[in-house]
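Q: This is a predicted model, with the sequence first.
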Amino acid sequence: MTDQAISQPHQRGRETINAVLPAGTMIHAWIKASAGNSSGWLTAYVAGEPAAAVETANPDEFEFRQLTLESGGDTVFSFDPVTTDISVLYAFLPSRVLEEGIRLLHVRPANAAPEVAGGYHFRPPFGWMNDPNGFGRFDGRLHLFYQHYPHSLRWNNMHWGHAVSDDYLRWTHLPVFLPPSEEIAARADGRGGAFSGSAIALPGEAGLRIFFTEHVKDREPEEQVQFTAVTRDFVKAEPATLILPARPAGLGLTTDFRDPYVFRGPDGKWKMLLGTRDREGGVILLYETEDPAAAAGWTFLGVIHRENRFGMTAAECPCLIPVDGPANDPSTRWALIFGLLTSRDPATGRRNVTLATVGRFDGLRFAVEFEQELDFGTDAYAFQAFVDETGPIGIAWLANWTDVSRETDMPTAMTLPRRLALRGGALITPPIGAVESLRQRRLDAGGLLDGLPVDLANGAVEILLTLAEAGNAFRLAFEHPEAKVEVELNEDGLSIPFSLANAKTSPRYIAAGARPSTVRIFLDAGSIEVFADDGRWTGTKRLPGFNGVNSVRLVAPAGNVLAAEIWQLGL
């Protein structure tokens, strides 16, 4: 770097970003050249003295650059907005980042996280988010990776975002973990990137191993291949290694071949699930390795499950988890959970359903005992779970690809984390017990039982209804600025009637035949989650916009609803 490369911070027309930063601070910046053939520059000054500078000549996409400040103090980042566009700029101390996270210094309006008053669902600090990845407890902390595009509120080439938590609810945002390859990252053309996957602990040492699908659109012969990478500091991934370069031959599979979920089987060996499809429907593949580190030696064992009732749909984001005992007990039942991309339920019109099949798994074969839908609202997609200290816990993307649009920003979020257990011949998925720590104050629910509208303040609330008898009819009507939203229980079952103002028809989000005694509802800006009888029936629906529900009114025959509680929620 030459003296000429470092411009003065207060030149006319330049913009500055100011912060007080300690010595040893690391800076992550994404910059783009925005004036024809001119390079884009970002320059850092500490205490008025030039400290570092980075540049890019790429006008097509923001490029990642890294700076380290050797000294600390008043820091100014300077750039010329005519030649340089800055997408994201954040700072962190490498020695403290797992405890303190990143400090966001700058983000453009186009990719800034929307302000959501009282919001308590996990959201990224900037940009787009979809599937949860690598969800687990490592070195004592809960880690959540996720599909991420930093530079817009809409999907594009995939990175992995990253956050850590002690309680599943309050998250510390960490540096972007896994960028796409340099080839993919060069243009904002949606060609692919680091797609979904999972993570396991490194045996005998701190760190973790991730598994992910690299997708490159129109690459031949394989658009999707599987990689693994290691991180020993939980912040930066080491170079990735290709472990599965091709689909299994002879099965008539499409190019769909993705979302490696790696877990320890009942025989102690590492197993891997992958989702794909053939001309009849969704297919889930099983792999295995003898390698104790799971780094190599993966061999194909066969098709573990297929779902042909919805046509040529792709099985994706498969997950297999023991739900009523230890993995090495032959009597333990396992839940195989997967999404069906492009599926449509002909009875209700719902799209992209997620199924949970429960049975026994011996390490080679999965014997199904029963099947149910994971979520009747369908907006708990790409569900991923692991066995924590207290049992199986899962989380999902609170959205559905049916609602994704190139024109509309959406309140991208994760669902509340959920427990998994077997009860009464069904898989239940109630929210984790820690959600009660979100309760800030009890709201007056007296008017609710009288049929009066009840104000819900910012709309971040929990509503608990106790029915006098199981299956008693009621209807909760919510006032939402952009949609009709209700929760209803009648002779048909439990449903979330939902429609947009300009929609001709809407799917019917219903748990047919459900007759619960209690219904617990969580509302937040952009979402409603319904848990009936401790998660025996669970329904999740994304709501439009970034505003919460304004009020609620109960309609029910006298005596049907025994009690009602409303809690204001917040982090």
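A: Received it, and whenever you're ready, just let me know what you need.
Q: contacting residues around stretch 184-197?
A: Under the contact criterion Cβ atoms under 8 Å, 6 or more residues apart in numbering, stretch 184-197 has outside partners 58, 60-61, 63-64, 131, 133-134, 147, 151-152, 155-160, 178-181, 210-218, 223-224, 258-261, 316-317, 382. For the C-beta atoms, the positions are set from N, CA and C on the backbone; glycine is no exception.
Q: among those residues, which ones are buried?
A: Using 16 or more other Cβ atoms under 10 Å as the burial test, those include 61, 63-64, 131, 133-134, 147, 151-152, 155-160, 178-181, 210-216, 223-224, 258-261, 316-317, 382 as buried.
Q: pLDDT on stretch 159-167, on average?
A: Average pLDDT, stretch 159-167: 98.
Q: Could you tell me how many residues sit around residue 115?
A: Look at residue 115: counted by other Cβ atoms under 10 Å, it has 8 neighbours.
Q: quick one: contacts for it?
A: residue 546.
Q: how about the helices in the stretch 101-250 of the chain?
A: In the stretch 101-250 of the chain, the helices defined using DSSP state H, counting those that start in this stretch lie at 182-185.
Q: residue ranges for the strands of it, please.
A: All strands of the stretch 101-250 of the chain, identified by DSSP state E, counting those that start in this stretch, fall at 103-107, 128-138, 141-149, 159-165, 171-173, 192-201, 208-216, 224-231, 241-244.
Q: got the CA coordinates for the last one in PDB?
A: Below are the C-alpha coordinates for strand 241-244, written out as PDB (Å, rounded to 0.1, in the frame of the first residue of the first chain):
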ATOM      1  CA  THR A 241     -12.800 -30.100   0.800                       C
ATOM      2  CA  LEU A 242     -15.000 -31.800  -1.800                       C
ATOM      3  CA  ILE A 243     -16.400 -35.100  -0.300                       C
ATOM      4  CA  LEU A 244     -19.300 -36.000  -2.700                       C
END
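Q: Tell me the helices and strands packed up against the helix or strand just after it.
A: Counting by DSSP states H and E, the next helix or strand C-terminal to strand 241-244 is strand 258-264. Here strand 258-264 touches strand 192-201, strand 208-216, strand 270-277, strand 314-322, going by 3 or more Cβ pairs under 8 Å, 6 or more residues apart in numbering; DSSP states H and E.
Q: for the longest one, the distance to its chain's centre please.
A: The one in question is strand 192-201. 12 Å (Cα atoms, centre = their mean, to the nearest Å).
Q: and stretch 182-201, what's its mean pLDDT?
A: 96.
Q: er, stretch 457-465 actually
A: Mean predicted lDDT for stretch 457-465 stands at 95.
Q: what do you get for stretch 264-278?
A: Stretch 264-278 comes out with an average pLDDT of 97.
Q: in it, what's buried?
A: Those would be 264-266, 270-278, for stretch 264-278 by 16+ other Cβ under 10 Å.
Q: May I see those organised as JSON lines, with distance to residue 230 added?
A: Shown next, in JSON lines, are these (distance: Cβ to Cβ, whole Å):
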{"residue": "264", "distance to residue 230": "18"}
{"residue": "265", "distance to residue 230": "21"}
{"residue": "266", "distance to residue 230": "26"}
{"residue": "270", "distance to residue 230": "15"}
{"residue": "271", "distance to residue 230": "19"}
{"residue": "272", "distance to residue 230": "16"}
{"residue": "273", "distance to residue 230": "21"}
{"residue": "274", "distance to residue 230": "20"}
{"residue": "275", "distance to residue 230": "24"}
{"residue": "276", "distance to residue 230": "26"}
{"residue": "277", "distance to residue 230": "31"}
{"residue": "278", "distance to residue 230": "33"}
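Q: with those residues in mind, which one is nearest to residue 451?
A: residue 275 (47.3 Å; Cβ to Cβ).
Q: OK, contacts around the closest one?
A: 256-259, 282-285, 314-318, 338.
Q: Tell me where the stretch 301-450 of the chain has strands.
A: Counting by DSSP E, counting those that start in this stretch, one finds strands in the stretch 301-450 of the chain at the ranges 314-322, 334-341, 354-361, 366-373, 381-388, 391-397, 418-419, 421-423, 426-428, 439-443.
Q: Figure out which of those is closest to residue 411.
A: Here strand 391-397 is closest among these (Cβ to Cβ), at 12.0 Å.
Q: related to what we said a few turns ago, make JSON lines from the strands of the stretch 101-250 of the chain and add distance to residue 448 to it.
A: Shown next, in JSON lines, are the strands of the stretch 101-250 of the chain (distance: least, Cβ to Cβ, whole Å):
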{"stretch": "strand 103-107", "distance to residue 448": "40"}
{"stretch": "strand 128-138", "distance to residue 448": "34"}
{"stretch": "strand 141-149", "distance to residue 448": "35"}
{"stretch": "strand 159-165", "distance to residue 448": "33"}
{"stretch": "strand 171-173", "distance to residue 448": "32"}
{"stretch": "strand 192-201", "distance to residue 448": "41"}
{"stretch": "strand 208-216", "distance to residue 448": "46"}
{"stretch": "strand 224-231", "distance to residue 448": "49"}
{"stretch": "strand 241-244", "distance to residue 448": "54"}
